[in-house]
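S.K.: next come a sequence and a model predicted from it.
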Amino acid sequence: MEHEGYVYLDVRTRAEFDECHPRGALHVPWLESGPAGMVVNPSFVSSVESALGREARIVVGCASGVRSLAAAALLVEHGFLYVCEQRAGMNGVRDPFGRVREPGWRGEGLPVATAEEVEG
């Protein structure tokens with residue numbers, strides 16, 4: 001999703017991204033399967049840099065804000081200049097009882113796409 005020069009970087013898994021993602025989002029997973037389970041994608045920073053460059057305006061998002069916060073921090077650590085983190089992610093922030101404290105992308109009714117849709 002590009003708006004006012006920002007690109008939405010979705011760091012969720014391929015399955016999550018394919019199910020539903022912000023329309024026009026770039027997908028670079030934060031985690032991938034490793035021998036001992038899920039590990040940080042070793043090519044995450046280089047993939048983002050190759051696709052966007054370090055001066056791109058980036059909004060990093062995941063499902064609920066946990067992965068996106070770590071991914072955004074790593075990008076800033078590696079010299080990316082304009083990084084925002086969408087803390088509510090796709091699904092929103094919930095309290096310990098499961099109530100939505102802050103709606104996410106879907107909860108706000110923002111445009112989404114699936115793997116089957118052709119994005120323009």
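M.R.: That came in fine, so what should we check first? Everything numeric here is computed off the predicted structure, so don't read it as measured data.

S.K.: and the helices in the protein?
M.R.: Listed in chain order, the helices of the chain (DSSP state H) span 14-19, 44-52, 66-77.

S.K.: and the longest one, what does it pack against?
M.R.: With contacts taken as 3 or more CB pairs under 8 Å, 6 or more residues apart in numbering; DSSP states H and E, helix 66-77 sits against helix 44-52, strand 57-61, strand 82-85. In short, each C-beta sits where N, CA and C put it, glycine included.

S.K.: and stretch 88-99, what's buried?
M.R.: By 16 or more other CB atoms under 10 Å, the buried positions in stretch 88-99 come out as 88-93.

S.K.: work out the gap between it and the centre of the chain.
M.R.: Put simply, stretch 88-99 sits 16 Å off its chain's centre (CA atoms, centre = their mean, to the nearest Å).

S.K.: just the C-alphas of that stretch, formatted as CSV.
M.R.: Extracted in CSV, the C-alpha atoms of stretch 88-99 (Å, rounded to 0.1, in the frame of the first residue of the first chain):
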residue,chain,number,x,y,z
ALA,A,88,-2.1,-2.7,15.9
GLY,A,89,-1.3,-4.8,12.8
MET,A,90,-4.0,-6.5,10.7
ASN,A,91,-5.9,-7.9,13.7
GLY,A,92,-5.7,-5.2,16.3
VAL,A,93,-4.4,-5.0,19.9
ARG,A,94,-6.3,-7.0,22.4
ASP,A,95,-6.5,-6.9,26.2
PRO,A,96,-5.9,-10.1,28.3
PHE,A,97,-9.6,-10.9,27.9
GLY,A,98,-9.6,-10.8,24.1
ARG,A,99,-11.3,-7.4,23.8
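
S.K.: right, so the helices and strands packed on helix 66-77: which one is the most enclosed?
M.R.: Ranked by mean neighbour count, the helices and strands packed on helix 66-77 are led by strand 57-61 with a mean of 24 (mean count of other CB atoms under 10 Å).

S.K.: thanks again, I'm all set now.
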